[in-house]
Each structure stands twice: as C-alpha cells, then as structure tokens.
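In: Predicted model follows, preceded by the sequence.
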Amino acid sequence: MSQFKGSCTCGAIRYELQTEPRLSFLCQCRQCQRITGTGHSAEFVASEKDTDISGELKFYELTADSGNTVTSGFCPTCGNPVLKKSSGYPGMLFFHAATLDNPTVFQPQTVFWGVSHQPWDYVNPDLELKQRT
Ligand SMILES: [Zn+2]
Ligand SMILES: [Zn+2]
C-alpha cells in the first residue's frame, strides 16, 4: 500500500497511488498561486495508470505561463483543488500535496517558476531552482 493516498476536504474524492511519485516539487507560477490561493503549489506527479481515483472531479482549463493547457481538477462539493493535468505531460497527474492523508511523506526536490515568486513567499533555499515546469 502506498503512503501516497488522500482526499478532498469533504472526502467525496479519494485517490491512491500504486507507486512512488515520479517527481515532487513546489511551483511559484501565477496559475499555481491562483489555484492554491497562496505563494506556491506543492505537488507530486504520478501517471494516470498508476493511480486509483474514486469520486467525480470537476475540471477547469487554463493556459499556463509555459503555454501548456493546464486542467485543474477539484471537488464539486467542497471546491478543494485535488490534482492538475497538463497538455505538456499527457497521461500524468499532478496532485496537490496537502490533500494527502499524511502530508509529511511529501518531500519536494525542486522549485519551479521562481521568476514569479512573491516577496512574502519563502521556500527552502536548499531546493534546486528551475525557472520552468
Ligand atoms: Zn470534496
Ligand atoms: Zn505552477
């Protein structure tokens, strides 16, 4: 059983990975700031085929700074953003880390889009910095 399982706030959406995440990161792009309502997102990545999801997400499409079409998946009952998809990474799911039952298992390696970071938002300076996702 994976440690990487979680849910939205109301519990209508549940997910569980069958593997370890391929990548764990923070992202300070403007779209992640809007979706999370704060300075950066915290996300881990798994392929759709390695993930079990129960419940029906609702999706909203937007264009990211990278030019990719990003689809934000959220719970229609409680509104909690749970995951994203990106046209640049077909078949992959980007989960919001704090939806984990135990968010402590999340260990980000990298920060993306530091170029649009907010002066009030601080991240671990030891993380590898990359400008694009
Ligand atoms: Zn919910
Ligand atoms: Zn982002």
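Out: Thanks, I have it. Numbering: from 1, shown residues only. Ligands and ions are numbered 1, 2, ... in the order given.
In: so who does Gly16 touch?
Out: In this structure residue 16 is Glu, not Gly. Applying CB atoms under 8 Å, 6 or more residues apart in numbering, we find Glu16 in contact with Met1, Ser2, Phe4, Lys5, Thr51, Asp52. Backbone N, C-alpha and C define where each C-beta goes, glycine included.
In: give me that answer again for 10 Å
Out: Residues counted as contacts of Glu16 (CB atoms under 10 Å, 6 or more residues apart in numbering) are 1-7, 46, 50-54, 101.
In: Thr71 too?
Out: Thr71 is in contact with Leu57, Phe59, Tyr60, Glu61, Leu62, Leu83, Lys84, Lys85, Ser86, Ser87, Phe94, counting by CB under 10 Å, 6+ apart.
In: ok, for it, nearest residue in space, not its chain neighbours?
Out: In this structure, Thr71 finds its nearest non-sequential neighbour in Lys85, 4.4 Å apart by CB to CB, 6 or more residues apart in numbering.
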